[in-house]
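In: Sequence first, predicted model second:
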Amino acid sequence: MTESNELKGVGAEEYDLNKLAFPYYDDFQRAIADLVVQHDLQLDKRSKIIDLGVGTGDTSKAVLQHEGLTKLVNLTCVDFDPVLIKQAKRKLLPYQNRANHVNFICKRAEEYFPTLKENSVDVIFSALTLHNHPPGTRKRIYQEASRVLNEEGILVLGDKFASRIPRDHLNEMTRMIMGYLHLLEIGRRDVFEYWIRHNLRDDQPDLQMTRSCRTTSEIMNSGFYGGAWFETGDGDPNPWGMDQILVAYKSQKGFWKVRRGMGEKK
């Protein structure tokens, strides 16, 4: 049975050093926030949104400080690691006036979702989380996400989606490793070694997520109407393959609402 490749030890304690290897990190977070906020603007009520795998809070921060967020939201931040939850609370404190309520839940997704009622959530977003879980766990999370989202709800997945083209994927992995060399320059060999091991494990066939119809099919087979891919940049491949975001729609109504509000990038 495949085990999750969850963050632990120095990976959780020094997670923000991860950004040194990824110059596009903030752009990636803003791209996710753009999709979340665009959907929120089209709702006639105060929306309930969930950050699945909040980590140190960067994606929720991008949402809360987004200039397009014109009304208060109810935000729930979920992560299994109390070390990460503590960092997220500290990072999000200055932005909590942009939310009606910010709640932090220290649980795994597969433990938290069953506590929610059907059709009770407007948006679920997740950044750099689900690639840590094997396909079976991801499927259960997709199924639960579909259950708790309302009819117009969406699931926004920003993650490590590997290219299906072997040469392009090799370039992604090479650029990722080169990016982590910055950690050696600041004397953090321990963090460098941790992230190299972690990312090589993520890339094994039993965990790897890909930019493919297979990933979209996994979403649709879990109760969603469909999914669409959005580019995060100008077409220049990023390290780790972080140039695509997958948006899953609970229903056809939700699909057309997002497509009208924000043109899908080709």
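Out: Received it, and whenever you're ready, just let me know what you need.

In: Quick check: phi and psi on Asn18?
Out: Backbone torsions of Asn18, given as degrees, to the nearest 10, read phi -50, psi -30.

In: per-residue confidence at it?
Out: For Asn18, the pLDDT comes out at 86.

In: Just give the number of residues close to it.
Out: Other residues near Asn18 come to 22 when the count uses other Cβ atoms under 10 Å. C-betas here are computed from N, CA, C, even on glycine.

In: List the contacts of it.
Out: With contacts defined as Cβ atoms under 8 Å, 6 or more residues apart in numbering, Asn18 is in contact with Tyr25, Trp195.

In: what's the distance between it and Ala162?
Out: Counting by Cβ to Cβ, to the nearest Å, the gap from Asn18 to Ala162 is 18 Å.

In: Now do the SS call for the closest residue to Tyr25 other than its chain neighbours.
Out: The shortest distance from Tyr25 to any non-neighbouring residue, by Cβ to Cβ, 6 or more residues apart in numbering, is to Lys19 (4.6 Å). Under DSSP: H, G, I helix; E, B strand; the rest coil, Lys19 falls in the helix class.

In: Tell me how far the nearest residue in space to Ile186 that is not next to it in sequence lies from Gln29.
Out: Leaving aside its chain neighbours, Ile186 sits nearest to Leu20 (7.6 Å; criterion: Cβ to Cβ, 6+ apart). Taking Cβ to Cβ as the measure, Leu20 falls 15 Å from Gln29.

In: okay, these two: which has more neighbours?
Out: Using other Cβ under 10 Å, the more surrounded residue of Leu20 and Gln29 is Gln29, with 22 against 19.

In: name the helices or strands packed onto the host helix or strand of the more buried one?
Out: Per DSSP states H and E, Gln29 falls inside helix 25-41. In terms of contacts (3 or more Cβ pairs under 8 Å, 6 or more residues apart in numbering; DSSP states H and E), helix 25-41 is packed against helix 58-64, strand 121-127, strand 149-158, strand 244-249, helix 252-261.

In: Taking strand 149-158 as reference, get the angle to that helix.
Out: 170 degrees (axes from the mean of the first three to the mean of the last three Cα atoms, to 10 degrees).

In: Partner strands of the following helix or strand past helix 25-41 and their direction?
Out: Downstream of helix 25-41, the first helix or strand assigned by DSSP H and E is strand 48-52. Applying DSSP bridges, strand 48-52 is found paired with strand 73-79 (parallel), strand 121-127 (parallel).

In: For the helices and strands packed on helix 25-41, give me JSON lines that also has distance to Leu7.
Out: Output for the helices and strands packed on helix 25-41, formatted as JSON lines (distance: least, Cβ to Cβ, whole Å):
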{"stretch": "helix 58-64", "distance to Leu7": "14"}
{"stretch": "strand 121-127", "distance to Leu7": "13"}
{"stretch": "strand 149-158", "distance to Leu7": "17"}
{"stretch": "strand 244-249", "distance to Leu7": "21"}
{"stretch": "helix 252-261", "distance to Leu7": "30"}
